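Undergrad: I'd like to go over a predicted model; first the sequence, then the structure.
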Amino acid sequence: MKGLRRRFRGAPVAACLAVSLTIPAPSGTAGDRLHRAPPETGHMLSWDGSKTIVLRKRGDRRFFDVVDTVTGESRGLPERPLARMRWGEDSDTAYGVSRSGELFRVTFGADGTAVSEVALTGKGGVPSAERPRVVAFPRPAAPVLLARGRRGARPLYRCTVDPSPAGAEVAARCEVADPDGRRVLSWLVGPGGRIPARIVSVPYGEREFQTRTGEEAWRRVFGYPPAYTRFDTFGVVQADNTVWALSNRGRESVALVRIDVSTGEEKVVHERPGIDVHRGFALFDGAGGSRPLLAEHFPGYQEVVHFDARLGAGYAALRERLGGGPVRIDFVSADRALEFAVVEAMSPAIHRRRYLLDLGAGTSRLLSAGPLAVYDRPAAPSRPVSFPASDGLMLHGYLTLPRRADGAGPPPLVLELHGGPWQRRLWPAPPMVRFLGARGYAVLNLNYRGSSGHGRHFLEAGRGSLSGRLQLDVLDAARWAVARGHAEEGRIALLGGSFGGFLALAVLGRGPDAFRAGIAINAVTDAVAFWKRDWDSPGNRAAWQEFLGSRDLPEAMLAGISPLNNVRKFAAPVLLLAGTRDRRIPPEHSFELFDLLRAAGRPAELAEYRHAGHRPGPATRERMAGRIAEFLERYLPVGNVP
């Protein structure tokens, strides 16, 4: 990146590397892993509910299998490393994507175990050199596979499997459906596999919903800015030319809507003022029709609005089975007749348990559970909190408090800032927070102004606030925690990743005496260099113009809050963690700040993770957690109250 120099990697730096650290288990508990995948995930029910696609783990290998929904018996799918697998046009057909990008169709025989395969890449299919990415898998009402190329004009291919007489070889046929997909964000699929609409990024940064008027002709239906407008379609276009979407176009909150593809008119199916719909689901009948299933909100704890009485009863029965307290239940899949549904349950006492709901019988059966026994206990329960910022705006977050002996003072607090800045934290606390809670730390996950989930007013409150109110939200959250007795002044650390890491560092430069330590993961440290690069992308530029509240790049403001330019204001020790393959925020950001902090005599540590990207994998996150725990133990120990 221009403006940032590569740090010399000689002997003096070697002691700062952290590439193979492990996490010590919390005292008095069993287990030594922070992130461990359940032995079985996926659980995609077939259209008739008879079979289920599962992702299994055996040793270090992960592979897809197809099992009988009731008995769990395997249907004999060959073990191979796959990246994705989905059901196709019927319950005897599935489609897979290998890790090398190969596409193929799997068919189960009449006995339910015989397997045949048809390649969709190579001769007659999508050119293998394209390394295609699947845009849409086949469905009963839309029996085509859409895949886009990754080279040149990034064309869209439409693949079908030709019917064949008994005994004849089945062949796939793929053709170019859209020759230029470079600006296309998504295509919508309709009955019979037609492509009636698409969403594109236009040159000046706006997104545009277009409907098809000819073989290669498209008409603009409406446009919307990418920063503060959410418009996410899901499912296929129905026989009445409508499609389901989550949208806040022209309204205060994200709602579950049904949109007319030709006119862009939205019919609101469910909306809650001031609280966004987080996820929505519909049940498709396979003949071009559908009906809504549920909508999820997170005003604090999860709240689910059900449109199907039997599914609602199944959720209620599972909540009762799990103790009747707050529990998050995420919908995973269902069969077309809604006889069965797969859901995932989480709470402070539960880590990722999947259940099969038999909605006809009103029963539930455990399918798999994340083997994090060390965290499957209410050692550090989390709860939603809200409090006013100093300007009166209500801020939101989640507070995790460790178990403390009677009469003990407040624990040290880690104030965590999410990335984005348009993201948010949800309940319950993730494993990293449970890990810190089990070690005796309180954790406050702050959804600062500009976070999603609490309506357009709260989202747009972040506009133009980067150098002022946004940083004050962090200071206000720390003051609130101290005032409520959840923390002691001077015993609070900041933790953030990506934009959250940048915000943490910016606050440390603004209020150096307010925090004992700071931790930043893959963080921006040169704001001018980062935003200059993003300004070259029309879509990114349009979003940042909204957030920064400026049509032109505000270089003076960004330079003023860049951590690189405020090194001498830092007083608290800083831990920087960087992935060497981070393309979003190159590791030079962390390297440069580390060099400047050390040169200025400020306490700083650097942990460099080779081969890790912007979103580190489970093994890297585990090593990061161990490094963070060691850093906190040195500068903010649980048992050392000043």
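TA: In hand now; what should we look at? Residues are numbered from 1 along each chain as shown.
Undergrad: in stretch 99-115, which residues are buried?
TA: Across stretch 99-115, burial judged by 16 or more other Cβ atoms under 10 Å covers 101-108. C-beta here means a position set from N, CA and C on the backbone, and glycine is covered the same way.
Undergrad: any chance of the residues you listed in CSV, plus pLDDT and distance to residue 536?
TA: Conversion of those to CSV gives the following (pLDDT from 0 to 100; distance: Cβ to Cβ, whole Å):
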residue, pLDDT, distance to residue 536
101, 83, 28
102, 86, 34
103, 88, 33
104, 86, 38
105, 88, 40
106, 86, 43
107, 86, 47
108, 83, 49
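Undergrad: state the pair within these that is farthest apart.
TA: 101 and 108 (24.0 Å; Cβ to Cβ).
Undergrad: picking up where we left off before, which of the buried residues of stretch 99-115 sits closest to residue 623?
TA: The closest of those to residue 623 turns out to be residue 101 (Cβ to Cβ; 29.0 Å).
Undergrad: just give the closest residue to the closest one, not the sequence neighbours.
TA: Excluding the flanking residues, the one nearest residue 101 by Cβ to Cβ, 6 or more residues apart in numbering is residue 131, at 4.1 Å.
Undergrad: just the CA trace of the longest helix seen in the chain, in CSV.
TA: Ordering each helix of the chain by length in residues (DSSP state H) puts helix 618-635 first. Taking Å, rounded to 0.1, in the frame of the first residue of the first chain, the C-alpha atoms of helix 618-635 are listed here in CSV:
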residue,chain,number,x,y,z
PRO,A,618,-10.7,-21.0,13.7
ALA,A,619,-7.1,-22.1,14.4
THR,A,620,-5.8,-18.6,14.0
ARG,A,621,-8.6,-17.1,16.1
GLU,A,622,-7.7,-19.6,18.8
ARG,A,623,-4.0,-18.5,18.8
MET,A,624,-5.1,-14.9,18.8
ALA,A,625,-7.3,-15.5,21.9
GLY,A,626,-4.3,-17.1,23.7
ARG,A,627,-2.1,-14.1,22.8
ILE,A,628,-4.8,-11.6,24.0
ALA,A,629,-5.2,-13.5,27.3
GLU,A,630,-1.5,-13.3,27.9
PHE,A,631,-1.4,-9.6,27.1
LEU,A,632,-4.3,-8.9,29.4
GLU,A,633,-2.8,-11.0,32.2
ARG,A,634,0.3,-8.7,32.1
TYR,A,635,-1.4,-5.4,31.9
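Undergrad: distance from it to the middle of the chain?
TA: Distance of helix 618-635 from the chain centroid (Cα atoms, centre = their mean, to the nearest Å) equals 22 Å.
Undergrad: same deal with stretch 262-274?
TA: 24 Å.
Undergrad: for it, measure first residue to last.
TA: From its first residue to its last, stretch 262-274 covers 29 Å (Cα to Cα, to the nearest Å).
Undergrad: all helices of the stretch 401-550 of the chain, in order?
TA: 431-438, 455-460, 469-483, 499-510, 527-535, 538-548 (DSSP state H, counting those that start in this stretch).
Undergrad: worst average pLDDT in those helices?
TA: Among those, helix 538-548 carries the lowest mean pLDDT, at a mean of 83.
Undergrad: quick one: low-confidence parts of the stretch 301-450 of the chain?
TA: Residues of the stretch 301-450 of the chain meeting the criterion pLDDT under 70: 371-380, 405.
Undergrad: those strands in it, which residues are they?
TA: Using DSSP state E, counting those that start in this stretch, the strands of the stretch 301-450 of the chain run over 303-306, 328-334, 340-347, 350-358, 363-369, 382-388, 394-400, 413-417, 442-447.
Undergrad: thanks a lot, see you next time.
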